[in-house]
Each structure stands twice: as structure tokens, then as C-alpha cells.
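*Asks:* Fold the following, please.
(chains A and B)
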Amino acid sequence: MGLPAEVDDRHRDRVVVPRRNGSVTIVRVVGLVIAVGFAAPIMFLLQQSVVLGSPMLEAFRDPLNLGPLGRSVLLAVSVSATTALLGTAAAWIVTRTNLPLARLWAVVLALPLVLPSYIGAFTLQAALSPGGLTDQVVGLSLPVVEGFWAAWAIMSLLTYPYVYLLVAARLRHLPANLEESAQLLGRTPRAIFRLVVLPQIVPAVLAGSLLVFLYAVSDFGLPQLLRYDTLTRVIFGNLLDRPVSTALALQLGMLALLTTALERGAARRMSGAGAVAVHQGRGGLQWPLGRWRLPVLLATAGLAVAALVGPMTVLVYWAVRGIANGTTRAGSVIADPGQLIAPMLGSASAGILAAAFATLVVLPVAFLTARQRGRSAEAANALVVTGFAIPGLIIALSLSFFVLRSSALVASVLYQTLPLLIVAYVIHFGAQSLRAAQVAVAAVPDDVLEVSRTLGARRLRRLWRIELPLMAPSLLAGAGLVLLSVLKELPATLLLSPPGFRTLATDVWSATSDAFWAEASVVSLVLVALSGLLTWFLVLRRTDALS
Amino acid sequence: MRWRRCLAPALLLIQLLMILALGGCGTGGGGDTVTIYSGRTSNLVGPILDRFAEETGISVEVRYGDSAELALLIQQEGDRTPADVFYSQSPGATEFLADHDRLASLSTDTLESVDQRFRDDEGKWVGVSGRQRVLVYNQDLVDAADLPGSVFDVTEPPLAGQVAVAPSNGSFQDFITAMVAREGRQRAVAFLDGLVATDAPTYANNNAIVEAVGRGEVPMGLVNHYYNYRFLDEDPDVASRNHLFPGDDIGALVIASPISVVEGTQHVDEAQQLIDFLLNAESQAYFAQETFEYPLAQGAEPATDIPPLDTLDVPAVALDDLGSLEDTLEMIRNSGLAG
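*Replies:* Residues are numbered from 1 along each chain as shown, chains lettered A, B, ... in the order given. Now for the predicted structure:
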């Protein structure tokens, strides 16, 4: 009687729904194809190193190069550790306590991300340094804002929202029942956070911290202004010595690959057991702050002041001073505010398109890495994530290299057009939407999928009706991160944009490089306002953050 | 359900943006066009390029960016580069392209319209306007009588450690290359080592130095002359002032902004016309009056409060000697001067 047993087996297979046996080959193929696209910058750097005979190994041995590499790692590790704490605390306070004006803080605390690091660093430096605004106005003379501590503090203030946004999205959708049970069992709030909440948000914390780490190693403007001698500072100081700058850029790529692998390992180990999936419409516990209400409110406001209000105040000061002086210069936004329309449209369209495509493109990779795992998934993940650590300049050069060496038709149709610029943005910032999408995929409960599968729903229908709605908050958070990054992006925009294409970031750069401070400030303020508006309208408003 | 209700408007918005953005790209068809990759910013050269387009009917497409990054891009683009003209902030990036055979030769007439000191011997570029290296100082902190007579004094007491530099800045690098050309490699290496040994503060760029000097964070700095005019324009109370090294000290080097024609362009005539336009009397007056720079065409006069070039005893370094940027970069790296 072997037959019934066989049928029985097959039947059981269908009910249990094996999730990690690599059955969804289409996802795997699409995911890998997409990931190969993300490899363009690394392949370009490897090709160049070989052609130029870059001193790749020497770069690892030469103490003159190891110093900057060490400093890059030191800065990135300390900033990502700091932001992990800061971002998680901010997210918990905003989503889980009776903080006054919590809805307002939810938006305000995300906004420092809209400040390009070079603007944040420049304004804080101008404000706090000897002879700066605090010295003049308050009479408080501080030491010169430079070096490791300044870079660490300012970069942490500008990047903690990476952690904050991802963790807050996760916290909002954790079911309350576990926490309630723990509370009924008499656990203190601290114990509940440590034992119940923390294990659930670790993947989001790690994902956010990895983004901060990669941002910190790839940033050039901030270390340059604050005189902290990192790897990017050496790369950009020696751009036209191509063997050297190529070798060091490749070093940066290797560092990113290594870090990504470490983070994946950590995430797997720390979130292996008992991940709880989201259940829509049922948030976690709310804690009354009691006598802590005022201190917590002050701390939250302090964070917002240091990271957002401080830099903005300096910008407003410069802008007002410039508007009061007036200008006769043709083409100045102070004389003719209509000049702002073209760059605003440019920024908004580039940002929204890149955010939409980045979210779409990384989705197969997210499914691949979250559902299937294995070596190909890890490779795909690493390639996408590495794009974030490679300076935008290198990404632009690599796309230029590959497109212009393809057929004449492709080159003439694609080169320096908006679609190619969007591709550059997606390669550079896809990591952000990927991390968010991975959190999203992992958050779809197994039982819901199994039920829908046993009910015979097809793959696409399941994706459309069940998975996407559950994933929407995290996906939107990821899209928001990409949007904000694109609005600040400069080097790739300058090299790959269509002729005559302007963004607010390129206008800020143009004004600052000629020391038109008033003009730079006005455009920066518009950039911050536009970023805030778009983030609220397209992302935060739709993630139940405010409901 | 809510999720799908927002999807339709979102898709519509994306479509709209695509149409909007792509529509904006389709301009420039028909007629003569010249494409410029410009390391000089639109604030400085935009108005004069617009004037060229108006007067000649040749449409101008400009890609603004950092000189070194644009030079890298042109080199990377090779034969298919859209660039017809490369207009650089400093000679280092232009020489980089010349070394990679990416520049065409200019006509003799064009070359000869510029002072011999500010054009390439091989005929690949001419300087349009020039900036002078100066010492910027805070007049509240430094007595004008104590200002140094030579740039080499900045590594010696009492100035040592008081003068800021911007090692990653193209103009500083050109200044070091010129120093090698005129004073010899040994002296340049000693100068860099002196800066490191005396802890000379390093900054990101000229702007950052002038800003820091203005607020008194550092008393002095080595920069190009025109930044302080901009700062004074923005805030008349600022305490920073320029000091010109006297005589033919290398610290008073005049650095040209070179313009060149990219090899293999289909628009040689338009490119040549553009360069001649920038060197005519009207354009040269623009650079003198509006950007506070030295006009470099023969016979052009600088702005009223700037001494004319031919009355100045500026160091006679032929600027095409500013070739070996890679060598300079290596020297700066090896000195350990970070930035």
C-alpha cells in the first residue's frame, strides 16, 4: 500500500510550505540579474586597476595609506554605534511613550537626514568655532570644531535618522500581545524592552547602523571640512593620480563588502529565534513617561536643536543678512526667486523617480535574501549594499565607462539622460531601500502566507493582496531614505545629468564654491523644506506614523 | 485597501514626472551647439556664456562641476565625449588632459592674443583670466607691519603654525608645481615638510580658510586673491584682508583659468569662436569688473582697485611648466600634509 502514503507525503508538503528550499527560481534569476547591475562600479574599479597597474597591494602595506583607512574605520564604527543607540532611543520614545507632540517629533526627528553633510558640518563649524555665531552672540567661546570628535559628533547627529526611521517603522507594527503578556507577568518596562522588544528590532537597528557605517566611510564633504584625514579625503585629494585614487577607491569597496558580510552574519545570529511578524492595525504598548516626561521632552528637543535647528538657524542668519544687503547680481535667487523653480522641479522629479525605481528594483533581491538565503543571495545582497559605500563620482564614471563602450545607439540614447542618472542613483542608494525591504519581507508572517497558499492564491496575487500591504510601511520608509539621499546627491548629478539639468543640491554647491553664502543659504533652506514636505507627503503620512 | 488606493495616484505622478523630465531633455536640437565642461561655476562664467550665445546664435550647453572630476570624465569618455570645450579652474586638470592626448591645438591667432606667460607652449590651451596667490590675514590679529616678505617665511618663526593651507585644492597644488619649476624640487619638499613640522593648519579649500581667518580661528592663510572680495561683499565688517607678497616672490604666483578644445570634436569652429569671444575686450572687462580677476588677453585692463598685471612684478613661471601634477600630488602625499 505505498500509494496512499505517497499522496499523503505530497499533500503534507503543500501544507507545510517549505520556505527556504529555493523553489522560487524566477525570483532568484531576476534578483541575480539585478544584482549584477549593481556590480558596475566594482567591476569598473577592478578593470581600471588592472589597466593602470594600480598599486593595490602596496596600498594595503603603505603606512601613509593605512592611517586614513584606519581613521575611516574608526569614524564609521563609532558613528554607527552612537547612532544605533540614539536612533533606537528616539524611535522608541516617539512610538511608544506619551511624549507631548509625538506626531510632530516623529517628523522633525527624521529631518536631519535632509541636510547634506557638507552643509551640516559647515554651518555647525561656522556657528560653534571661535569667532563664530555662539562666540559673537552668546559670548561662549568653544574650541576649534575639527578632528575626530567634531566629525564623530556632527556625523552622528546627521545620520541617526537612518536607524530612527527603520526602527520606528518596525516598532509601530510590532504586535502588542507579547509585551502585554510580559507586563501581566510583572516584568518592568526595562525588562520588557530588553527581552521582548529589542530582539524584534535588532534587524532594523543593524540595518540602519550598516547604512550609517557605509555613509560614514563614503562621505567626503564632512571629513574634509572638519579636517579629519579619512580615506575619501586621500582619494579626492589625489583624483588625477589615477593609479593611486583607483587603488584607494577599491579599498573602500572591499571595506564595504567585508562590513556587509559581518552585518549579515550578526543579523542572522541575533534574530534567528522567534522573530515575530507584523500584524497590521495593532501597535505595541504605550508607556506613560510620568515624571520622566519633561526630561525626555527636553532631550528630544535638544536632539532636534543640535541636529536640525542649529544648522538651520545659521542658514537663516546668512540668508537674512544677504537679503537685507540685497544684490544686483543677475541670476541670483535673492533678486529673482523664480530662479528656484527649475532646480526644485529637477530635485523633486529625480528624487521621486529614483525612490520609486529603487524600491521596485531591490524587491526581488530582498525576497531572495530574506526567503532563500544561500551564497547567491548573500552575493546579491553584498553587491547592492556596496554601492552605498562607493563615492558617487566613481559610480558616475563607471556608468560613463560602460555606456560609452556599448553600441553607438545605446550610448547616444542613454548617455547623460535622466534614465541613466536614475540608474546611478539606484546603484548608489539602492542599499537603503534594500535594507528596508529586507526588514519588510522578514516581517510578513509565515502563517498568513501559508493560509493564502493553501487557499490556492497565485504568487502574484499573494504578493499584491497580502505581502505588499503588510510590507508597505517599511518599503515606504526605504523609499523615503532614497528620496532624501537623492535630493542631497551631488557628484553623480553633476557628471551624468541631462544638459542644463539643475537640482537644488547643484545650486547650493555652485553658490558655496563662490562663497555666495546668502544665496547658498536660501537654496539650502528650500532644499530642507522640499525634503521635509516630500517626506511627509509621500512617506510619513502613509506609514500610519501620524494616525 | 488603503494601500492600493494610494497606488494609482502614485503611478500617475511617476508617469507625469517622467514626461516632464524627458520633455525637458529634448532641447538643443538643430542649429550649432557647443558643449562646454566647465570647472568654473555658473555664477562666474554663466553670464558671459549667455552673452556669447545671444551674440553669435550658437547655443551653449554647459556641464558645471569640479575641474578635476570633469577632466577625469572627459578622459573616461574618450572618443565619444560630448564635450567640445574644457574650461578649467586651474592648469593642473588641463595638463592632465593634454598629457592624455585629449586636447586639440588652438589657432596661432588665439594663442598669440594672450600674454606668453599664460598660454601653453604646445598650443593646447590659453588662460582666460587669472587669480593671484596671496596671504589672507585677520587685521585684528595681525599687524600689517609684521606681514611676511616671502611665502617661505610661513614655515619659520614667528609665522610658523599660524598660516593655514588647503593641500587638496587645485590652486595650492599648482602653486607647489610652480615652486618646483622655479625654486627646485628640494626647496619645495622642504617647504611642504616645514608646513607639516610646524603644524600648519589645513583646511578643505580657499573658502574655508578665508572664513576661518575672518572669524579669527586662524590668523593667516594662503589662498587666491579674489575670495576675500566675495567675503567683503557678503559682510563688509569681516576682518580678513589680502596681503600680496612683494617682488617676484613665488607666493604671488598668478594662476590662469585655462580653456581648451577637446580632441576630436565636431564643433571646432564654434569652440574656437567661443574662446576668441572670451578673449575679446568686452569679455575681458567682464572678468576684471565682475569676478575681480586679472584679464589675461594682451592689453586688457584689470578692475580699478587691482594693479594691472604688466606693472606687477609677478613671478615669471611659464605656466605650462605646471605639467606634472601627479608628481606634485605624490610630493604632497609623501610630506604627510593631510587634506
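*Asks:* can you list the weak-confidence ranges in the stretch 101-250 of chain B?
*Replies:* Counting by pLDDT under 70, not a single residue of the stretch 101-250 of chain B qualifies.
*Asks:* For it, what lies in contact range of chain A?
*Replies:* By CB under 8 Å from any CB of the partner chain, the residues of the stretch 101-250 of chain B that approach chain A are B:167-168, B:201-205, B:207-208, B:210-212, B:214-217, B:227, B:230-231, B:234-235. From N, CA and C alone the C-beta is placed, and that goes for glycine too.
*Asks:* mind checking how far the residue positioned nearest the centre of chain B is from residue A:70?
*Replies:* What sits nearest the mean C-alpha location of chain B, by CA atoms, centre = their mean, is residue B:89, with 2.3 Å. The gap separating residue B:89 from residue A:70 is 32 Å, by CB to CB, to the nearest Å.
*Asks:* same deal with residue B:158?
*Replies:* Counting by CB to CB - residue B:158 and residue A:70 are separated by 35 Å.
*Asks:* Compare those two and say which one has the larger neighbour count.
*Replies:* residue A:70 (13 against 9; other CB atoms under 10 Å in any protein chain shown).
*Asks:* Which neighbouring elements make contact with the one helix or strand that one maps to?
*Replies:* With secondary structure defined by DSSP states H and E, residue A:70 is part of helix A:63-96. Judged by 3 or more CB pairs under 8 Å, 6 or more residues apart in numbering or on different chains; DSSP states H and E, helix A:63-96 is in contact with helix A:102-108, helix A:147-172, helix A:198-218, helix A:231-237, helix A:242-271, helix A:293-304.
*Asks:* so which of these comes closest to residue A:520?
*Replies:* Nearest of the helices and strands packed on helix A:63-96 to residue A:520, taken as CB to CB: helix A:147-172 at 17.4 Å.
*Asks:* buried sites along the closest one?
*Replies:* Neighbour counts over helix A:147-172 (16 or more other CB atoms under 10 Å in any protein chain shown) mark A:148, A:150-172 as buried.
*Asks:* Residue 81: what's it in contact with?
*Replies:* Went with chain A since none was named. The contact partners of residue A:81, taken as CB atoms under 8 Å, 6 or more residues apart in numbering or on different chains, are residue A:209.
*Asks:* right idea, wrong chain: chain B
*Replies:* Per CB under 8 Å, 6+ apart, neighbours of residue B:81: B:73, B:74, B:262, B:264.
*Asks:* excluding its backbone neighbours, what's nearest whatever residue of the stretch 51-200 of chain B ends up closest to chain A?
*Replies:* Among the residues of the stretch 51-200 of chain B, residue B:168 lies closest to chain A, at 3.7 Å counting by CB to the nearest CB. Using CB to CB, 6 or more residues apart in numbering or on different chains and skipping residues adjacent in sequence, the residue nearest residue B:168 is residue A:237, 3.7 Å away.
*Asks:* Likewise for residue A:448?
*Replies:* With sequence-adjacent residues excluded and distances taken as CB to CB, 6+ apart, residue A:448 is closest to residue A:466, at 6.1 Å.
*Asks:* Please apply the same query to residue B:103.
*Replies:* Distance criterion CB to CB, 6+ apart; nearest residue to residue B:103, sequence neighbours excluded, is residue B:124 at 4.4 Å.
*Asks:* Can you get me a residue count around that neighbour?
*Replies:* Residue B:124, neighbours per other CB under 10 Å, totals 24.
*Asks:* next one: residue A:309
*Replies:* Residue A:309: 17 neighbours (other CB under 10 Å).
*Asks:* ok, now residue A:359?
*Replies:* Residue A:359: 25 neighbours (other CB under 10 Å).
*Asks:* That one against residue A:435, yeah?
*Replies:* No - using CB atoms under 8 Å, residue A:359 is not in contact with residue A:435, being 11.9 Å away.
*Asks:* what is in contact with the two at once?
*Replies:* With contacts defined as CB under 8 Å, 6+ apart, the residues shared by residue A:359 and residue A:435 are residue A:478.
*Asks:* buried residues in stretch A:387-398?
*Replies:* Buried-residue list, stretch A:387-398, by 16+ other CB under 10 Å: A:387, A:388, A:389, A:390, A:391, A:392, A:393, A:394, A:395, A:396, A:397, A:398.
*Asks:* Now the two most distant members of those.
*Replies:* Within those, A:388 and A:397 form the most distant pair, 16.7 Å apart (CB to CB).
*Asks:* For burial, what's the neighbour tally of the closest residue to residue A:94 other than its chain neighbours?
*Replies:* Once flanking residues are discounted, residue A:94 sits nearest to residue A:106: 4.9 Å by CB to CB, 6+ apart. Neighbour count for residue A:106, taken as other CB under 10 Å: 23.
*Asks:* and if you look at the one 10 residues further on?
*Replies:* Look at residue A:116: counted by other CB under 10 Å, it has 25 neighbours.
*Asks:* ok, it to chain B distance?
*Replies:* 14 Å (CB to the nearest CB, to the nearest Å).
*Asks:* And for residue A:73?
*Replies:* Distance of residue A:73 to chain B, given as CB to the nearest CB: 17 Å.
*Asks:* Pull the contacting residues for the residue nearest to residue A:53 when sequence neighbours are not counted.
*Replies:* Take residue A:53 and drop its neighbours on the chain: the residue closest to it by CB to CB, 6+ apart is residue A:243, 6.4 Å away. By CB under 8 Å, 6+ apart, the contact set of residue A:243 is A:49, A:52, A:53, A:54, A:55.
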